[in-house]
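Q: Everything below, folded, please.
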Amino acid sequence: DIAPSELTVAYESGNQNVDSLRAIRTDFLLAGADQIRINLLLHGINLSHTDALGLLKEWKDVFYDYIIDYNSGKIPANTHTSDRYYGFTSRTFQNLVDTESEVVPTLLIVGYLLMILYCATAFFKFNAVQSRSGVGLAGVFIVILGTAAALGITAAAGVQFNGLTAQLYPFLVLGLGVDDMFVIV
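A: Below is the predicted model of the structure:
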C-alpha cells in the first residue's frame, strides 16, 4: 500500500513504477456557470446563466452515468478487469436520495393490511362477548386517520416531504399507535 505522499515522492524521484496501489483519488474541479459563459463568449458562443448551469449539470450526469456503465461492463475496460471506479459529483447524494426514496404505495398498503389482520387475530376470541377484534380494527383505523390528518395539516402548512419521510412516518405512527392500543386493551 502506498500513501499519496509516497506516490508523489516516487513520481518526483523519477521512479515511474508503482508496484501496488489499493486506491487512488482524482478530483476534477469544474468551472462554475459564470466561467463557462466567459470561456464560451471568448469563442463567440453566447450562453445564458441558466443554460450554463444546465450544461454543467448535464456534464456531471454524463460523467456519473459513464462511471456506472464502466463498472457494469457496458464499456470495455482498457486496463485490468478488476478495476472499479466510483464517481461522486455534487448531485450524487441527491441522486441517491431520489432513487432510494421512491414511494412504493403497495408496500404501504400491504403493511397496513398485515397490521389490520394481526390486530384482528390478536384480539379475537371465540366468545363473542370477550372478543375484542373490533377494538383492534378500530385502533388501526384511528391510527390511519390520525396519520392522514397529520400529513394533511403539515402539507397545508407548506412542509416539504420526500419519499423517505412519506414511507417511514406512517409505519412509525402505526407501530406506536398499535403498541399503545395493545397496552390499553
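
Q: any chance you could map the strands in the chain?
A: Remark: no strands are assigned in the chain by DSSP state E.

Q: Find the residue at the geometric middle of it.
A: By Cα atoms, centre = their mean, the mean C-alpha position of the chain lies nearest to residue 97, the distance being 2.2 Å.

Q: pretty sure that residue contacts residue 162?
A: Yes - counting by Cβ atoms under 8 Å, residue 97 does reach residue 162; the two are 6.7 Å apart. C-beta: built from backbone N, CA, C; applies to glycine.

Q: what's around residue 130, how many residues?
A: Neighbourhood size, residue 130 [other Cβ atoms under 10 Å]: 9.

Q: Quick one: residues contacting residue 181.
A: Contacts for residue 181 were tallied using Cβ atoms under 8 Å, 6 or more residues apart in numbering; they are 119, 135-136, 139-140, 143.

Q: Need the max-distance pair from these.
A: Farthest-apart pair in those is 135 and 143; separation 12.8 Å (Cβ to Cβ).

Q: Show me which of the two is the more surrounded one.
A: residue 143 (22 against 15).

Q: Check the burial of residue 69 by counting its neighbours.
A: Neighbour number of residue 69 under other Cβ under 10 Å is 11.

Q: residues near the spatially closest residue to it that is not a sequence neighbour, how many?
A: Closest residue to residue 69 apart from its sequence neighbours, by Cβ to Cβ, 6 or more residues apart in numbering: residue 75 at 5.0 Å. Around residue 75 there are 12 other residues, counting by other Cβ under 10 Å.

Q: Can you tell me how far residue 75 is from residue 179?
A: Taking Cβ to Cβ, to the nearest Å as the measure, residue 75 falls 51 Å from residue 179.

Q: what does residue 106 give?
A: 24 Å.

Q: Look at these two and report which has more neighbours.
A: Neighbour totals were compared for residue 106 and residue 179, and residue 179 leads with 10 against 7 (other Cβ under 10 Å).

Q: Look at that one and report its pLDDT.
A: On pLDDT, residue 179 comes in at 81.

Q: now residue 157
A: pLDDT for residue 157: 94.

Q: again with the one 5 residues further on
A: pLDDT, the model's per-residue confidence, is 72 for residue 162.

Q: so what's it up against?
A: 97, 101.

Q: now residue 64
A: Going by Cβ under 8 Å, 6+ apart, residue 64 touches 87, 89, 91-92, 95.

Q: again, only using 6 Å
A: Residues near residue 64 by Cβ atoms under 6 Å, 6 or more residues apart in numbering: 87, 89.
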